[in-house]
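Trainee: Predicted model, plus sequence, below.
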Amino acid sequence: MLYLSIAQEAEHWLAAFRSTLPELEINAWPAPVDPSRVRYIVTWNPPAGFFADFLNLEAVFAQGAGIDKLLARDDLAPDVHIVRLSNAGMAAQMVEYALFGVLRFQRDFDHYAEQQMDGAWRQHPPRLAEATRVSVLGLGAIGAAVASTLAGLGYRVSGWSRSPRELPGIRCVHGEAALGALLADTDILVGVLPSTPDTRGLLNRERLALLPAGAALINAGRGDLIDLAALVELLDNGRLRGAQLDVFPAEPLAADDALWRHPKLLITPHIAAATLIEPSAAQMADGIRRLQAGELPAGLVERQRAY
Ligand code: GLV
């Protein structure tokens, strides 16, 4: 049985699964089910202890690309597969989110918005895409799409990942040792990294200080990538130009958090790439069929790598 423990639009998800997997018994919370018959669960962040009753569970399909919350739980047996979404319509949204930020900084729209407040008619010298160094941190399905699209638009794009990657038109570097030199060679940094033991706090004070004067930052992966206090300090002392942040160490960001009102921050409420029901259900259904055939689904999480 496939069991959906889904907070929002459960009916829509159920309908999507029933039409893609007509052969499978599918139920959705709060319908009562015999937990011992559940093989697959689709969920995001269920309450503590939720998984303990499902003794014959084979796989949990996460309704998102980042599975840090699922990995941090203590009620999921180590032999249960965790499967995350791989693109499923998220890459295109992330491309748009990153592109908006890159254009905003490259074309000085952040400055013009400020100037409008003062009625200041002041033109800034143009900076061409090919003279704008964009570095994308994270080159998975989503980061690779971001890097390739920006490169296609003429930006000078570099990409950084944990293990080696090759992407046409992108200067790819990998490993922590290569990060410092990349940061020093960046005008706009785009973070699309998952939260793992390797990425948490990766952009600490020391590394943020390696960004050239006037550099800007966009973060749409996970909020714990960045030392926010250090970032604010570098914005306040004029070293960094601005940042566009979609993700935070604790979400939702509290209404009284000073970050909301920082003039050099553009804050969005974790909307860069939303989960789309149809492509996600189709990908999960494909994953279930593969597992039933003894194959591995796309997006299978390697627990020791944490993504
Ligand atoms: C959203 O943050 C996701 O992980 O898909």
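Mentor: Structure's in. What do you need? What you see is a predicted model; the values in this text were computed from it and never measured.

Trainee: Next to the ligand, which bits of the stretch 151-300 of the chain? Give me the list.
Mentor: Within the stretch 151-300 of the chain, the positions adjacent to the ligand are T275 by Cβ under 6 Å from any ligand atom. For the C-beta atoms, the positions are set from N, CA and C on the backbone; glycine is no exception.

Trainee: try 8 Å
Mentor: Residues of the stretch 151-300 of the chain lying close to the ligand (Cβ under 8 Å from any ligand atom) are P194, G221, R222, V247, H270, A272, A273, A274, T275.

Trainee: pLDDT wise, what is the residue nearest to the second one when sequence neighbours are not counted at?
Mentor: Meaning G221. Distances taken as Cβ to Cβ, 6 or more residues apart in numbering put L193 closest to G221, at 4.2 Å, once the chain neighbours are dropped. For L193, the model assigns a pLDDT of 98.

Trainee: now the one 10 residues further on
Mentor: Each residue has a pLDDT score; the one for L203 is 98.

Trainee: Angles on the backbone of the residue nearest the centre of the chain, please.
Mentor: By Cα atoms, centre = their mean, the chain has its centre lying nearest to G221, at 3.1 Å. Dihedral pair for G221: phi -90, psi -90, per degrees, to the nearest 10.

Trainee: Confirm Y3 sits in a helix?
Mentor: No. Y3: not assigned to a helix; according to DSSP: H, G, I helix; E, B strand; the rest coil it is strand.

Trainee: That one and the ligand, how far apart?
Mentor: As judged by Cβ to the nearest ligand atom, to the nearest Å, Y3 and the ligand stand 20 Å apart.

Trainee: need the strands for the stretch 51-200 of the chain, in chain order.
Mentor: All strands of the stretch 51-200 of the chain, identified by DSSP state E, counting those that start in this stretch, fall at 59-62, 81-83, 133-137, 156-161, 171-174, 188-191.

Trainee: Show the secondary-structure elements that the fifth one is packed against.
Mentor: In this structure, strand 171-174 packs against strand 156-161, helix 176-183, with contacts taken as 3 or more Cβ pairs under 8 Å, 6 or more residues apart in numbering; DSSP states H and E.

Trainee: again, only this time at 7 Å
Mentor: Judged by 3 or more Cβ pairs under 7 Å, 6 or more residues apart in numbering; DSSP states H and E, strand 171-174 is in contact with strand 156-161.

Trainee: Just want the angle from the strand it packs on to strand 133-137.
Mentor: Angle, strand 156-161 to strand 133-137, by axes from the mean of the first three to the mean of the last three Cα atoms, to 10 degrees: 20 degrees.

Trainee: quick one: contacts of strand 156-161?
Mentor: 130, 132-139, 143, 147, 150-151, 165, 167, 170-174, 178-179, 182 (Cβ atoms under 7 Å, 6 or more residues apart in numbering).
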